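>>> Here is the input, now give the coordinates:
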Amino acid sequence: MTQENKTDKKILFKGIKTLVFALLSLFMGPILLSFAFSKPDDKLYIPLLVIGCAISAMAVIMMFKGIRTIMNSMFKKK
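Sure thing, here's the model as predicted:
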């Protein structure tokens, strides 16, 4: 193996860190949504619903970004 075929470790750890934050967001978003749906008459219904949807969408985007970063570290795309 030559030097050009090795995995870039800095970019790999950056991708893993992104996936860890995505994993935390995957749990936090649905929890906030369940709090919002448990009391629809509460005054915090709309803010919790919006924040929960935003965190859930951010988690999906971060998952794709983390996987793409890991693949780029392995196949040398920058």
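>>> rest of the way, CA atoms for contacts and neighbours
OK.
>>> my guess is M74 meets T7, correct?
Yes. At 4.7 Å, M74 counts as touching T7 under the criterion of C-alpha atoms under 8 Å.
>>> Check which helix or strand the most centrally placed residue in the chain maps to.
In the chain, the centroid-proximal residue (C-alpha atoms, centre = their mean) is A22; its distance is 2.3 Å. Assessed by DSSP states H and E, A22 sits inside helix 9-38.
>>> Need the nearest residue in space to the residue nearest to the centre of the chain, chain neighbours excluded.
Distance criterion C-alpha to C-alpha, 6 or more residues apart in numbering; nearest residue to A22, sequence neighbours excluded, is A59 at 4.6 Å.
>>> now T69
T69's closest residue in space is G15 (C-alpha to C-alpha, 6+ apart), at 5.0 Å.
>>> State the distance from the one you found to F75.
Using C-alpha to C-alpha, to the nearest Å, we find G15 at a distance of 13 Å from F75.
>>> Neighbour count for the two, which is higher?
Between G15 and F75, counted using other C-alpha atoms under 10 Å, the more crowded position is G15 (23 against 14).
>>> Contact partners for the more buried one?
Residues near G15 by C-alpha atoms under 8 Å, 6 or more residues apart in numbering: 65-70.
>>> Export these as TSV, with columns for neighbour count.
Shown next, in TSV, are the contacts of G15 (neighbours: other C-alpha atoms under 10 Å):
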residue	neighbour count
K65	16
G66	24
I67	16
R68	14
T69	22
I70	22
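>>> which stretches of the chain aren't confidently modelled?
1-5, 77-78 (pLDDT under 70).
>>> 80 instead?
In the predicted model, the chain carries pLDDT under 80 at residues 1-5, 76-78.
>>> if I look at L33, how far off is N72?
Going from L33 to N72 by C-alpha to C-alpha gives 33 Å.
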